Structures are given as C-alpha cells and as structure tokens.
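*Asks:* Pasting a predicted model and its sequence here:
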Amino acid sequence: MLDINLIREKTKEVEKALLKRIDSVNLESIIKLDDERKILITKVDKMKAERNKGSKGKPDPEEIKKMKTLSEEIKKLDEELKNLEEKLKEKMGELPNIPADDVPAGGKENNKVIKTFAEKPKFNFTPKDHVELATSLNLIDYKRAAKMSGSGFWIYKGDGALLEWALLNYFIEFHRNNGYTFIIPPFLLNEDSAYVSGHLPKFRDDLYWTQDGNCLNATSEMMLGNYHRDEILDENNLPIKYYAYSTCFRREAGSYRKEERGMVRGHQFNKIEMFQFTKEDQSWIAFEEMKNSVEKLVEDLGLHFQTSLLAAGDASAAMAKTIDVEVWIPSMNIYKEVSSISNALDYQARRGNIRYKTENVNKYVHTLNASGLATSRLIPAILEQFQQADGSVLIPKVLQKFMGKEIIK
RNA sequence: GGAGAGGUGGCUGAGUGGUUUAAAGCGUUGGUCUCGAACACCAAUAUAGUUGAAAAACUAUCAAGAGUUCAAAUCUCUUCCUCUCCGCCA
C-alpha cells in the first residue's frame, strides 16, 4: 500500500516511477475518490457532532423527533462512505510499490547481472545431472515419493537427508552468529494473514487450503511479516532481525515439470527465511547487510553463482528493489534463483499497520526479507558442481562437520 | 466434539442505557524538592481520520461485525479469540 498523501503531492513523480513496472497508471481517479471521501467525512462528522450534542442529558419529545431524522440521514451517509472507502482501498491495493531509483524499468529481459562468484566448473568427463546423481548415490527417492504423495515430491534418504539437514544447520548457525532471532512458526496460517503478507489475492491458486479455511505456508515470509502486525514497536529495539525455518508448500499450478526435473521445483521444500523490521532511514543499510550475508553463505559453499538486480516488472509488486542470488546448474545450463533479497520500504508495513514511535511521532517501519536459504536448489547445484569422475560428490567444507564425512559415494 | 466462564487503555481493574470527556491503581516521561538519589508532591501519558497556516476543534474506536434506541462499553444477534472441566486421540 502506498501513501495516499504522497500520491496527492507528487502525482507526476509517482506515476512516472510506477510506469517502470506496469503499463498504465491512473492516479487521477484515485485522487478524485479521495476528494469525495474527504467531503463526505466532513459532512457526516458535523452531523454526528450535532447528534452527540443533542443526545446529552434527556431531550424533550420534540428534540427526539428531530434527532431521529438526523440519525437516519447519518446512517445513509455512513453507508455511502463505507462503499467509497472500500473502493479507494481496492484501487490503492492494486498499485505496486514504487521501484527504487537504480532499478531498471521493464520485465525480466532487463535484469542486470551484478557480480559473478567463483569459476564455472569444468569437467574432463561427461557430467551427470542431479537426478541421476541423487538416484545412483541413493540420496533421493523420487519413485516412492510419487507413489506415496504424487509428482512434485521427493524423499530424502541416508546421506541425502543428512545433506539437507547439514545445510539447514549451517544456515541456522550462520544467522545465529549474526544476531538474528530464530523462529519456528506454525506452518498453517489464516486468510487475513495471507492478505497482509500480500500473497492474496494473487497466489490463491498456488496455495494449499485446509477444510478449516487455513492455508499452508508457502514461505515463512508470510508468518514473519505478520508477526508484529498492528503493533507499535519500541524504536530502541530496531532493527529487529528474525530468521525462520519452515517447510514451504506450493501447488505450482501450471508449471512445467519436464524442464525443471528433480527437485528444482516441487510442492514441498525446506527454507530458512531472513526478515528485518527497521527504521525508515536504516532499510538500505539492512538491505546491503542481508545481501552480503546471502552471498557469503553461498560463497562459503564453494559454488559458482551470480547476483542479479531485478527489473521493476520482474520483482514482486510489494518490493522497491530485489536482488536475486542465482546458482549455476550445469545440466540445465542456467542460473537458478536460490534467494531473493528485497526491500519493501513501508509498503508492507502500511498494509500490516506496523509502526514505531520516534520523537512522539508514529512512523511505519520498513520491512525486508531474504531467503537464507532454500535447500532444494542448492542440493542440485552441489551435486552437479562437485561431482567427480567416479560418480561421487565432494561435500563442501562448511557442511562436513554436520555430516561427519567429506565425500558422498 | 460437549458444558461453562470471560475479552475494557502499556499493565491490573471498576463500570448493566444519559455530566464516562472510561473511575482508581501500577508503569512510563517531565517538573518541584535534594549536593545527588529515594520518598513525597505536581503534571503529562492511546490510535486513526477530517477541518485548520497554526493553536485547536470535531468524529470514530471498550475483541470484530450487524441490530435495537433520540442516545450503547452497557441491551440483542453472529463471528473470532482466551481460560476451566469433560469426552476423543496419533
């Protein structure tokens, strides 16, 4: 949600910025609605003031008659006002966040690679893809998972399960050392929360729903963003840094399984999510810090990867700026996202009504999130990038202590 | 799943139709006192919206929504949540 006052005061600038990510903007109609709202509120409030005055003490019968007509009129106007406010809210909700100045306009094709890390691995043998490796090393059981749960699921087994858990442990330890607070949230959340996190109405079909009207969490960002909903935070506690573990569930309706074999895209995967609530002048510092953390995490695994600045149209609508960390998957000849680091500024905080008090003024916090990290795309990258001629796979140094070995064979 | 009790400001807690502009206490902040502190005393202490240059005024909010009424924290209905007891149960 954008600030209506900003839209009123800097209409042209806002319009221009929004055109970087969407084709057409009509701010005038929003301002007009807001004008109507103001006029109506002034009118109704005056009538209510009159009624309150008249109803103090015991009015005589004639006065009661007058007040009755007044009350009926107020009721009508209140109804009108409610409709107007709903319409305005809906229109405001459709507006995406204003992209940061350095974010390129347009869609995916305008994403900019910022930096590349480590070397692309070279093989003097024919490399296998991660499905072959995971199957031959008995790390992942795709077949039995399909039998039990259908396609898009997999079973971690033996060293595969240990590798998954080692990654999670590695992340958990890393964030703990960086002063983040660990959260394990419920994996089910109610509809209201999904609206506040911005996943509804857009992703309704991509979420799993229970018979009680809850949905399964698709990323713990949904939980963390709601954690301080409707609160006024103590500015001395900011920035607040959380990281959460959750299993994430996604229907992935309509996606192509063929091109994304194995575990690149599934209905269920594990993820550690980072989240920060900051003061308004601290969020870009936090953004850098989070980006550096994610880069360090992947770098220390020894993987070849790159970072990209997403174009306005490719980033999610709530975000002012997003940088993707993309890891090299040799068999696909492509870089696949393992983390998006995003700054929403006050856009999410407005929706969730999350503020802090500073010098006796309440301001909206800024919110940021980043995966730190999802495992399901790292495992293919690790298997493929670190495979040896004999079909074994070297385990990254940072994971060895969690697995008790150096090589999977 | 059944039965019961509840939800009031940062917190505790009074308030069953009309000076409630929500009592009182605690907490917090500022001041007086003091060499300094404690005590004591004085004062301030919610959020949002509208009008206004400002001072300020007005409106709404007592879990949420609807209703009754000239007037609702208070009466009625619905929903949500919390607690207690019972039942069921990986």
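*Replies:* Looks like it arrived, so ask away. Residues are numbered from 1 along each chain as shown, chains lettered A, B, ... in the order given.
*Asks:* Can you give me the end-to-end span of stretch A:229-237?
*Replies:* End-to-end distance of stretch A:229-237 (Cα to Cα, to the nearest Å): 16 Å.
*Asks:* Return the set of buried residues in that stretch.
*Replies:* Of all the residues in stretch A:229-237, those buried under the rule 16 or more other Cβ atoms under 10 Å are residue A:233. For the C-beta atoms, the positions are set from N, CA and C on the backbone; glycine is no exception.
*Asks:* Now that stretch: average pLDDT?
*Replies:* Mean pLDDT, stretch A:229-237: 84.
*Asks:* That stretch and RNA strand B, are they touching?
*Replies:* Yes: interface with RNA strand B: stretch A:229-237 contributes residue A:232 (Cβ under 7 Å from any atom of the strand).
*Asks:* beta partners for the residue in the stretch 151-300 of chain A positioned nearest to RNA strand B?
*Replies:* Closest residue of the stretch 151-300 of chain A to RNA strand B, Cβ to the nearest atom of the strand: residue A:232 (6.2 Å). Beta-bridge partners of residue A:232, counted by DSSP bridges, are residue A:355.
*Asks:* Any idea what whichever residue of the stretch 301-409 of chain A sits closest to RNA strand B is bridged to?
*Replies:* The minimum distance from the stretch 301-409 of chain A to RNA strand B, using Cβ to the nearest atom of the strand, falls at residue A:362 (3.8 Å). With DSSP bridges applied, residue A:362 shows beta-bridge pairing to residue A:357.
*Asks:* Touching, the residue of the stretch 151-300 of chain A closest to RNA strand B and residue A:358? I think so.
*Replies:* No: using Cβ atoms under 8 Å, residue A:232 is not in contact with residue A:358, being 10.6 Å away.
*Asks:* Please read off the pLDDT at residue A:209 from the model.
*Replies:* On pLDDT, residue A:209 comes in at 88.
*Asks:* The closest residue to it other than its chain neighbours: neighbour count?
*Replies:* Closest residue to residue A:209 apart from its sequence neighbours, by Cβ to Cβ, 6 or more residues apart in numbering: residue A:215 at 5.2 Å. Counted with other Cβ atoms under 10 Å, the neighbours of residue A:215 add up to 23.
*Asks:* In the stretch 51-200 of chain A, what residue lies closest to RNA strand B?
*Replies:* residue A:67 (3.0 Å).
*Asks:* Low-confidence ranges, the stretch 51-200 of chain A, go.
*Replies:* For the stretch 51-200 of chain A, residues meeting the criterion pLDDT under 70 lie at A:57.
*Asks:* Which residues of it lie near RNA strand B?
*Replies:* Residues of the stretch 51-200 of chain A lying near RNA strand B (Cβ under 7 Å from any atom of the strand): A:51-59, A:64, A:67-68, A:70-71, A:82.
*Asks:* The residue of the stretch 51-200 of chain A closest to RNA strand B contacts residue A:54, doesn't it?
*Replies:* Yes: look at residue A:67 against residue A:54 with Cβ under 8 Å: they come within range, at 5.1 Å.
*Asks:* Cross the residues of the stretch 51-200 of chain A next to RNA strand B against strands and list the overlap.
*Replies:* Using DSSP state E, no member of these sits in strands.
*Asks:* Give the helix, strand or coil label for residue A:312.
*Replies:* coil (DSSP: H, G, I helix; E, B strand; the rest coil).
*Asks:* contacting residues for it?
*Replies:* Residue A:312 makes contacts with A:20-21, A:99, A:103-106, as judged by Cβ atoms under 8 Å, 6 or more residues apart in numbering.
*Asks:* Tell me how far the residue nearest to it when sequence neighbours are not counted lies from residue A:15.
*Replies:* The shortest distance from residue A:312 to any non-neighbouring residue, by Cβ to Cβ, 6+ apart, is to residue A:21 (3.5 Å). Between residue A:21 and residue A:15 the computed distance is 12 Å (Cβ to Cβ, to the nearest Å).
*Asks:* which other residues reach the helix or strand encompassing residue A:289?
*Replies:* Using DSSP states H and E, residue A:289 maps to helix A:283-301. By Cβ under 8 Å, 6+ apart, the surrounding residues in contact with helix A:283-301 are A:117-118, A:170-171, A:174-175, A:178, A:239, A:274, A:276, A:278, A:305, A:307, A:321, A:323, A:325, A:327, A:338-339, A:341, A:343, A:345, A:366, A:368, A:370-373, A:378, A:382, A:396-399.
*Asks:* Could I get the average pLDDT for it?
*Replies:* pLDDT averaged over helix A:283-301 gives 96.
*Asks:* Within the sheet, what are the partner strands of whichever helix or strand comes after it, with directions?
*Replies:* Scanning forward in sequence from helix A:283-301 by DSSP H and E, the next helix or strand is strand A:305-309. The pairing partners recorded for strand A:305-309 under DSSP bridges are strand A:112-117 (antiparallel), strand A:321-329 (antiparallel).
*Asks:* State the distance from the residue nearest to residue A:194 when sequence neighbours are not counted to residue A:55.
*Replies:* Distance criterion Cβ to Cβ, 6+ apart; nearest residue to residue A:194, sequence neighbours excluded, is residue A:200 at 4.4 Å. In this view, residue A:200 and residue A:55 are 41 Å apart by Cβ to Cβ.
*Asks:* Equivalent analysis for residue A:318, please.
*Replies:* 45 Å.
*Asks:* Of these two, which one has the most company?
*Replies:* Shown here are residue A:318 and residue A:55; by other Cβ under 10 Å, residue A:318 has more neighbours (21 against 14).
*Asks:* Now that that one has come up, it's in contact with residue A:349, right?
*Replies:* No: at 10.5 Å, residue A:318 does not count as touching residue A:349 under the criterion of Cβ under 8 Å.
*Asks:* Please look at residue A:6 and residue A:17 and confirm they touch.
*Replies:* No: judged on Cβ under 8 Å, residue A:6 makes no contact with residue A:17 at a distance of 10.5 Å.
*Asks:* out of these two, which sits in the busier spot?
*Replies:* The neighbour comparison of residue A:6 against residue A:17 (other Cβ under 10 Å) goes to residue A:17, with 21 against 12.
*Asks:* Can you classify the more buried one as helix, strand or coil?
*Replies:* Classification of residue A:17 using three-state DSSP returns helix.
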